[in-house]
Structure formats: structure tokens, C-alpha cells
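Enquirer: here is the input, now give the coordinates:
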Amino acid sequence: MSVKSQLENQGSPVRQFFEEYEDRVGRKECLALLQSNKPFSPPLLESPSRSYYYYVGITIEYLIRYITNNNSLDFENTKARSGWIPGEARFVDQILFENVAQAYLDGRKVDELAVYSATALAMLDSLRRSGMLPQSFSQEVPDEKISRIKRLPCGSNIDEKTVLFLFDEYCFDALSWEFYVQDVLTITSLFVDALNNPTGDLYQSKFVAYNQVLAGSAAAWGLGAEFDCVIQQNGRQILTDIKTTIRPLNIGHLRQLIVYALFHDELLDGLAITDVGIYSSRAGSFRYLPIEDVIKKCMPAFKSIAEAKERFFSEVTAGYPFQA
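Expert: Residues are numbered from 1 along each chain as shown. Alright, predicted model coming up:
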């Protein structure tokens with residue numbers, strides 16, 4: 001189970017830990033300080049689906065990683081290329097990765113084609129997290145579509161052509177591509193401005209880690225709590241979640257950051273984390289707080305971070321394996 005699902009389940013050891021030790025006043029104060037202080041850029045599409053929001057969020061994470069690595073990606077060292085996938089989906093994974101995901105994240109500045117490739121990475125990322133592809137990939141293809149697929153110029157055989165056709169169909173129909181791509185490009189522009197503008201929240205920041213599983217969580221659960229990135233700014237090392245929501249941050253977002261902070265081990269993780277923060281991508285807003293302040297305000301029963309970490313690790317380990 002993910003950190004999010006653990007926090008949402010009232011019977012989980014993680015949720016029980018917060019119920020026992022969390023101070024509501026301190027929680028409210030920290031949450032307010034992490035909220036974006038800038039307006040959000042809403043989707044152009046009216047009433048987007050959950051899938052739309054999901055794909056925008058994951059695609060943005062890949063594009064941020066691409067941009068901050070000088071318009072390049074170490075594809076093999078991404079979530080889209082690590083982890084288990086069901087056997088019947090492996091040929092889809094291979095075709096999308098080789099023909100789409102790598103095709104346009106090729107050093108160019110982010111444009112529509114780069115968004116196209118990043119969306120393929122988002123689909124492969126989702127496949128590894130859930131073991132599932134969009135439903136259309138498992139349905140029988142109607143005869144009228146097969147005739148169109150055979151005429152496609154891309155793909156060396158009918159299997160490749162079919163996968164590429166289904167991916168394009170999902171992008172253009174399910175994601176409403178025209179609106180989707182403009183939304184992603186707008187959010188990307190906000191990020192570039194935050195990074196390069198002297199008044200931007202990310203100006204002179206450095207991204208030093210991406211999508212790393214915290215060693216402590218693997219030891220406690222046998223599975224990993226994976227944060228989005230670590231941003232170095234003003235001598236601070238900030239464990240950061242990237243959020244594409246158009247709504248204010250909620251309790252779950254703060255709790256997720258606290259879980260990461262409590263599982264963090266400087267020696268095992270190779271990271272000297274000092275703060276936790278939120279990058280609100282639809283606003284270009286980056287807000288963060290020292291871990292010491294967060295623990296002191298949210299869990300005042302503990303005299304130190306070390307004590308909080310020890311108690312947390314002990315209690316969540318004792319409560320596992322946990323079945324929802």
C-alpha cells in the first residue's frame with residue numbers, strides 16, 4: 001500500500017500514529033504556511049476526468065525532471081522503467097517505450113511532441129504502479145479500426161501499429177489532447193519561470209534527487225515510500241512533493257510529508273534533509289518548512305525528531321503486515 005492509501009485508511013498503523021500524536025492547532029498552522037501564495041492556473045477543459053488530472057500530474061513530474069537535467073532524461077533510471085509489470089502488458093510497455101517515450105524527449109525545449117513522449121512515460125509509470133493499462137488496451141479492436149490501423153505509416157508490424165493507434169486514441173479522446181497539451185505547456189512555463197526568473201520561487205535552486213524510495217520505509221513495510229524530489233535552496237535540502245491540484249492543500253498532503261520526514265535516514269538515504277516542502281505546479285509556488293518546526297508544531301509530545309522517528313518506526317513496524 002502507498003503512503004497515501006495508508007493515511008486514508010483509518011485502521012492502518014500510520015493513520016493510527018497520527019490520530020494519537022498529532023496536534024490539530026499545530027497541523028493547521030503548518031498546513032497554512034505550505035499553501036500556495038499565488039493563484040492557480042486552472043485546466044482549459046471543463047470538468048476534466050480523474051484520469052486527466054492523473055496524467056497531467058505524472059507528465060509534469062517527468063517534464064520537471066527533464067528540464068532540470070538540461071533537457072535530458074536517464075530513461076532507465078525512472079519509475080516508468082523500474083518495477084514489475086504483468087506479462088501480457090510487456091509488449092505494450094516495450095512498444096511505447098521504444099517508439100514514443102524516448103522519441104521526443106531528445107534535448108528539445110518542451111513542446112507538444114515532448115508532452116506526447118512524457119505522457120507515454122506517465123502511462124508506463126501507471127502500469128508499473130497499478131499493473132494496469134487503460135481499458136481500451138485489453139478490449140477487442142473493431143474491424144473498422146483494424147483497417148485504419150493497417151494503413152498507419154508508423155510501426156513495423158500489426159502489433160506495433162495497434163499499440164501506437166490505441167495510445168494516440170487514448171491521448172486524443174480520453175485526455176482531450178488539445179486542452180491537455182495546452183494545460184501541460186502552461187504548467188511547464190510556470191515552472192521554467194519559477195526557475196529562471198529572479199523573483200521566482202525556485203530561482204537558483206538545484207534538484208539533487210528524484211523519485212527515491214526511503215530506505216526506512218522499505219525496512220518497515222517491505223515496500224517503499226517514494227518522494228518526488230529533493231530541492232536544494234539557500235543551503236537547505238528540501239524533501240518536496242509536486243502537486244498539480246487546483247484545490248488548497250489538505251491534511252493528507254501535510255501528513256504525507258511528515259511520513260517521509262519520519263522515515264528519512266541520512267546515512268541510509270544519502271541525503272541530509274533539512275526541510276519538507278510543496279511545489280504547487282499550477283501556481284509556480286514553492287513553500288517549505290524546517291522539519292524541526294513541523295514536528296514541534298504537529299507532534300509536540302516528542303522532545304526531538306529522533307524520538308519521533310524512533311516511535312514512528314517502532315509503531316508502524318509492529319503493525320505490519322497490515323491488510324486493508
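
Enquirer: which parts of the longest strand along the chain are buried?
Expert: Determined from DSSP state E, the single longest strand within the chain is strand 236-243. Neighbour-count burial for strand 236-243 flags 237, 238, 239, 240, 241, 242, 243 (criterion: 16 or more other C-beta atoms under 10 Å). To be clear about C-beta, it is placed using only N, CA and C from the backbone, and glycine gets the same treatment.

Enquirer: got the contact list for the third one?
Expert: Remark: with contacts taken as C-beta atoms under 8 Å, 6 or more residues apart in numbering, residue 239 is in contact with 227, 230, 257, 260, 261, 264, 271, 273, 275, 276, 277.

Enquirer: so which residues of the stretch 151-300 of the chain form helices?
Expert: Remark: helices assigned in the stretch 151-300 of the chain by DSSP state H, counting those that start in this stretch are 158-169, 177-196, 215-221, 251-263, 266-269, 291-298.

Enquirer: quick one: mean pLDDT for the longest one?
Expert: If I follow you right, that is helix 177-196. In this model, helix 177-196 has an average pLDDT of 98.

Enquirer: where does residue 112 land on pLDDT?
Expert: Looking at residue 112, the pLDDT reads 98.

Enquirer: thought it was touching residue 185?
Expert: Yes - if you go by C-beta atoms under 8 Å, residue 112 and residue 185 touch, sitting 7.4 Å apart.

Enquirer: ok, the two, which is more surrounded?
Expert: residue 185 (16 against 13; other C-beta atoms under 10 Å).

Enquirer: I'd assumed residue 109 was in contact with that one.
Expert: No - Residue 185 lies out of contact with residue 109 (C-beta under 8 Å); the separation is 10.6 Å.

Enquirer: where does the stretch 201-324 of the chain have low pLDDT?
Expert: Counting by pLDDT under 70, the ranges of the stretch 201-324 of the chain that qualify are 219-224, 319-324.

Enquirer: what about the closest residue to residue 39 other than its chain neighbours, distance to residue 176?
Expert: With C-beta to C-beta, 6 or more residues apart in numbering as the criterion, residue 39 has its nearest non-adjacent residue at 6.4 Å, and that residue is residue 283. Going from residue 283 to residue 176 by C-beta to C-beta, to the nearest Å gives 22 Å.

Enquirer: what's the answer for residue 71, then?
Expert: Distance from residue 71 to residue 176, by C-beta to C-beta: 27 Å.

Enquirer: more neighbours, those two?
Expert: Between residue 71 and residue 176, residue 176 has the larger neighbour count (other C-beta under 10 Å), namely 18 against 15.

Enquirer: shouldn't that one be in contact with residue 51?
Expert: No - taking contacts as C-beta under 8 Å, residue 176 lies outside contact range of residue 51: 10.3 Å.

Enquirer: if we can go back for a sec, for the residue nearest to residue 39, what are its contacts?
Expert: 36, 38, 39, 40, 41, 190.

Enquirer: counting neighbours, what do you get for the nearest residue to the last one once chain neighbours are set aside?
Expert: Right, the one you point to is residue 190. Nearest non-adjacent residue to residue 190, counting by C-beta to C-beta, 6+ apart: residue 284, 3.9 Å away. The number of residues packed near residue 284 is 24, by other C-beta under 10 Å.

Enquirer: residues contacting residue 284?
Expert: 38, 190, 191, 193, 194, 200, 201, 202.

Enquirer: tell me how far it lies from residue 38.
Expert: With C-beta to C-beta as the criterion, residue 284 and residue 38 are 6 Å apart.

Enquirer: again, but for residue 127
Expert: In this view, residue 127 and residue 38 are 34 Å apart by C-beta to C-beta.

Enquirer: with residue 311 instead?
Expert: Per C-beta to C-beta, residue 311 is found 37 Å from residue 38.

Enquirer: still on that earlier bit, Serialize the contacts of residue 284 to CSV and add fields for neighbour count.
Expert: Converted to CSV, these look like this (neighbours: other C-beta atoms under 10 Å):
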residue, neighbour count
38, 15
190, 21
191, 23
193, 15
194, 22
200, 18
201, 23
202, 22
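
Enquirer: centre of the chain to stretch 122-129, how far?
Expert: A distance of 11 Å separates the centroid of the chain from that of stretch 122-129, by C-alpha atoms, centre = their mean, to the nearest Å.
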